[in-house]
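[1] my questions are about this predicted structure, shown below with the sequence.
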Amino acid sequence: MTPELFPALITGAALFGIGIYGALSQTNLVMLLMGVELILAGAMVNLVAFWHYLHPDTPAGQMFVLIVMTVMAVEMAVGFGVAIARFRAIGSVEMEEAAELKG
Amino acid sequence: MAMISAQTFFISFFGLAAVWFGIVVFRTHSMMRSALALLFSQTAIGAMFIGMQAEFLGVLQIMMMATEMSIMAIFMVMFMMDPGGLGKMDMTHQKRRSVITGLVAFLAIVAVALFTNWGTLAGSVPDSAQQIEDLGLELMGRSMLIFETAGLTLLTAMIAATAVAVEPLKRNRN
Amino acid sequence: MTTALILLLLAVGAYLVAVIEAWTMNGRWQLAAPITAGIALLGRESIVPRKPDRVFFEVAPVLLLISALLAATVLPLTPGLIITDLATGVLFINAALVYVLVALLMAGWGPNGAYAMIGGWRFLGQLIAYAMLIVMPVTAVAMRAESLLTTQIVTSQADLWNILYQPLGFVLFFVAAMALAFLPPFDLTTATSELAGGVEAEYSGVRLAVFRLGRLVLVITLAATIVVFYLGGWQGPWLPPWAWSAIKILAVTALMLLAGPALPRVREADLLSLCWKLGIPLALLNIFVVGLQVLVWP
């Protein structure tokens, strides 16, 4: 038991939960991306907390956060690329209208 | 009853702010507000990083997210035609299942956080200038291959995304 | 104490910027004009447009002022006169300045007016492009100083100022700073002739006064940033450090403001293609050249 970790870990968990809710419940592609951003943000909070409280002498922990941050930006770029292509093709980015992707 | 240290208070305060703005993202009807609420959530996370003495990461987070979420805002308005926050359209589906999944995920992670033995707390953190130097040496030394691979993969993804998004050439244009 | 002194200096700086700006516009030195104009604005009614996004409308001018002030906290005016010498000072300046974008987006969206909104979205495109030209030349500056401390950057220029060591970076940064402060010819955000004031259009009274003050502080902060990064900060012969800082900052401000009335306003599309197709390749070249210089000529 290390209570010092809890504020950060619980924040991370809450952000992850909210992100999951958003990614599953939103009907708009851009809102869905916001959910994914929150999930990644929750992961970053946990990573920094582990680095700070458990392994402050390992810079690899910080490097991992840097990569996650870049992934967030690229995830958004890819998401918007898809959104623009989708909008050109059918004129909307609603998830309900993407039923042809259903397996 | 131990005293709550200033650092714990700082982290908890900004953690609460991040969570609250995170909830606002999905509760407001205005696209612009939702994007900027996400920005403030991320900024609060940056402040948490600074509270956890990761100064470089915190400042970087605060800087990157401002541009990122502004771009988010313009895409939201472009695709959704925001009616000034007046629309009462429902933009959710499978709401019950989503709420339950989100809650289960939250509780599961909290349980893991509470019942895992995280080992002993490490000592003091190196100061910020030292951290930046270590991080640079790590990036350009031991982890260089990982970083280059990740960079190349992300670059490919970015080029592919741009290629998908550009307007297709019109053939038979007279 | 230092904080109060720097705030006072920024206030004086903002006043001087207003005087110089009036001089570049109409060629006369009107020393009382900024004060009377400010008092007049404070006395006027502060109108709230119909159906605004109230939170954004109220927060935007204050956020603009705060982000400009925050950027000034890590700039050294003399060896000791600096509020916080952050280990990530250079990055912190960028982080604070990006919030100018957030403030202007809010100011564009909040009042629920067409001109304001167009101005806000224009600034989004402008800043995302030109923020690159802020960050990339600054990378080269930090490479030479081998540090992100702003004081370290000033002392690294003891032998040769960065304006001579990396002239390309200076030009790019200068242009980007003008675009960031939406000074003419880059004032697409507040273009008086086409957008009737742009993001300023719906503001009046106290809120407009805060907005204009924020912009003046932004200009003086950017001038100080240029001085710290490229013109050797407080260094110089004969005169004391504070005098050199003051002279250089005022000279850079005057240069930034003088360029405006002489040039026609750039079109948005030209502005963006100029940055993405010419500016960013040049900035990469600058980083490369400075890297070589640092290796062969430390």
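    Right, received. Where do you want to start? Numbers count the residues shown, from 1 in each chain, chains lettered A, B, ... in the order given.
[2] show me the strands in chain B, by range?
    In chain B, no strands are found when defined by DSSP state E.
[3] longest helix of it, counting residues only.
    As assigned by DSSP state H, the longest helix anywhere in chain B is helix B:55-80.
[4] mind naming the longest helix for the chain?
    By default, I'm working from chain A. helix A:59-90.
[5] not quite, go with chain C.
    helix C:114-145.
[6] shaky segments in chain A?
    When residues are selected by pLDDT under 70, those of chain A lie in A:1, A:103.
[7] quick one: list the elements packing against the very next helix or strand once past the longest helix of chain C.
    Following helix C:114-145 in sequence order, the next helix or strand is helix C:150-156 (DSSP states H and E). Packed against helix C:150-156 by the contact rule (3 or more CB pairs under 8 Å, 6 or more residues apart in numbering or on different chains; DSSP states H and E) you find helix C:89-109, helix C:114-145, helix C:205-230. (Each C-beta comes from the backbone N, C-alpha and C, glycine too.)
[8] ok, residue 51 - how many residues close by?
    Assuming you mean chain A. For residue A:51, the neighbour count with other CB atoms under 10 Å in any protein chain shown is 27.
[9] wrong one, chain C
    Residue C:51 has 11 nearby residues by other CB under 10 Å.
[10] how about it, nearest residue that isn't a chain neighbour?
    Leaving aside its chain neighbours, residue C:51 sits nearest to residue C:112 (5.3 Å; criterion: CB to CB, 6 or more residues apart in numbering or on different chains).
[11] mind listing what the one you found touches?
    Residues near residue C:112 by CB atoms under 8 Å, 6 or more residues apart in numbering or on different chains: B:84, C:49-53, C:202.
[12] tell me the one among the residues you listed nearest to chain A.
    Nearest to chain A among these: residue B:84, at 17.2 Å, using CB to the nearest CB.
[13] doesn't the residue nearest to residue C:51 fall inside a helix?
    No. Read with DSSP: H, G, I helix; E, B strand; the rest coil, residue C:112 is coil and lies in no helix.
[14] can you name every helix or strand that the longest helix of chain B contacts?
    Secondary-structure packing of helix B:55-80 (3+ CB pairs under 8 Å, 6+ apart): helix A:29-53, helix A:59-90, helix B:31-51, helix B:128-140, helix C:89-109, helix C:114-145.
[15] could you report the neighbour count for the residue of the stretch 101-250 of chain C found nearest chain B?
    For the stretch 101-250 of chain C and chain B, the shortest gap (CB to the nearest CB) falls at residue C:109, measuring 5.1 Å. Residue C:109 has 28 neighbouring residues, counting by other CB under 10 Å.
[16] equivalent analysis for residue C:44, please.
    The number of residues packed near residue C:44 is 13, by other CB under 10 Å.
[17] thinking again about what came up before, using a markdown table, please lay out the helices and strands packed on helix C:150-156 together with distance to residue B:118 and mean pLDDT.
    A markdown table is the format used below for the helices and strands packed on helix C:150-156 (distance: least, CB to CB, whole Å; pLDDT from 0 to 100):
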| stretch | distance to residue B:118 | mean pLDDT |
| --- | --- | --- |
| helix C:89-109 | 30 | 88 |
| helix C:114-145 | 36 | 87 |
| helix C:205-230 | 43 | 88 |
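[18] in a markdown table: these, plus distance to residue A:91.
    What follows is the helices and strands packed on helix C:150-156, written out as a markdown table (distance: least, CB to CB, whole Å):
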| stretch | distance to residue A:91 |
| --- | --- |
| helix C:89-109 | 24 |
| helix C:114-145 | 21 |
| helix C:205-230 | 38 |
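[19] deepest-packed of the ones you listed, please.
    helix C:89-109 (a mean of 26; mean count of other CB atoms under 10 Å in any protein chain shown).
[20] contacts (any at all) between chain A and that one?
    No. For helix C:89-109 and chain A, the contact criterion (CB under 8 Å from any CB of the partner chain) is not met; the two come no nearer than 12.6 Å.
[21] mind giving me the packing neighbours of that helix?
    Here helix C:89-109 touches helix B:31-51, helix B:55-80, helix C:54-72, helix C:114-145, helix C:150-156, helix C:205-230, going by 3+ CB pairs under 8 Å, 6+ apart.
[22] need those helices in TSV with distance to residue C:99, can you?
    Shown next, in TSV, are those (distance: least, CB to CB, whole Å):
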stretch	distance to residue C:99
helix B:31-51	9
helix B:55-80	6
helix C:54-72	4
helix C:114-145	11
helix C:150-156	19
helix C:205-230	11
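[23] figure out which of these is closest to residue C:195.
    helix C:114-145 (4.7 Å; CB to CB).
[24] that closest one and chain B, are they touching?
    Yes. Contact of helix C:114-145 with chain B (CB under 8 Å from any CB) involves C:121, C:124, C:127-128, C:131.
[25] pull the number of nearby residues for residue C:262.
    9.
[26] quick one: it from residue C:271, how far?
    17 Å (CB to CB, to the nearest Å).
[27] one more: residue B:5?
    Distance from residue B:5 to residue C:271, by CB to CB: 50 Å.
[28] walk me through the domains of chain B.
    As given by automatic domain parsing, the domain ranges for chain B are B:1-83, B:127-166.
[29] out of those, deepest packed?
    The most buried one of those (mean count of other CB under 10 Å) is domain B:1-83, showing a mean of 21.
[30] for the record, mean pLDDT for that one?
    If you average the pLDDT over domain B:1-83, you get 84.
[31] could I get the domains of chain B as TSV with distance to residue C:45?
    TSV is the format used below for the domains of chain B (distance: least, CB to CB, whole Å):
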stretch	distance to residue C:45
domain B:1-83	27
domain B:127-166	46
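[32] got the contact list for the residue of the stretch 51-200 of chain C found nearest chain A?
    The nearest approach of the stretch 51-200 of chain C to chain A comes at residue C:128, 12.0 Å away (CB to the nearest CB). Listed by CB under 8 Å, 6+ apart, the contact partners of residue C:128 are B:67, B:70-71, C:101.
[33] swap in residue B:113?
    A:5-6, A:9-10, A:13.
[34] ok, those residues vs residue B:120, which is closest?
    Nearest to residue B:120 among those, with distances taken as CB to CB, is residue A:5, at 11.6 Å.
[35] now that closest one: closest residue in space, sequence neighbours ignored.
    In space, residue A:5 is closest to residue A:53, 5.3 Å off (CB to CB, 6+ apart).
[36] distance of that neighbour from residue B:46?
    Following CB to CB, the distance that separates residue A:53 from residue B:46 is 18 Å.
[37] do the same with residue C:193
    Residue C:193 sits 39 Å away from residue B:46, taking CB to CB as the criterion.
[38] likewise for residue B:99?
    28 Å.
[39] and residue A:10, by the same measure?
    In terms of CB to CB, residue A:10 sits 18 Å off from residue B:46.
[40] contact partners for the residue most central in space within chain B?
    Taking CA atoms, centre = their mean, the centroid of chain B lies closest to residue B:42, which sits 5.3 Å from it. Applying CB under 8 Å, 6+ apart, we find residue B:42 in contact with A:37, A:41, B:18, B:61-62, B:65, B:68-69.
[41] ok, the closest residue to residue A:70 other than its chain neighbours to residue A:75 distance?
    Nearest residue to residue A:70 in three dimensions, chain neighbours excluded: residue B:154, at 6.0 Å (CB to CB, 6+ apart). For residue B:154, the distance to residue A:75 (CB to CB) stands at 9 Å.
[42] ditto for residue C:111
    Counting by CB to CB, the gap from residue C:111 to residue A:75 is 33 Å.
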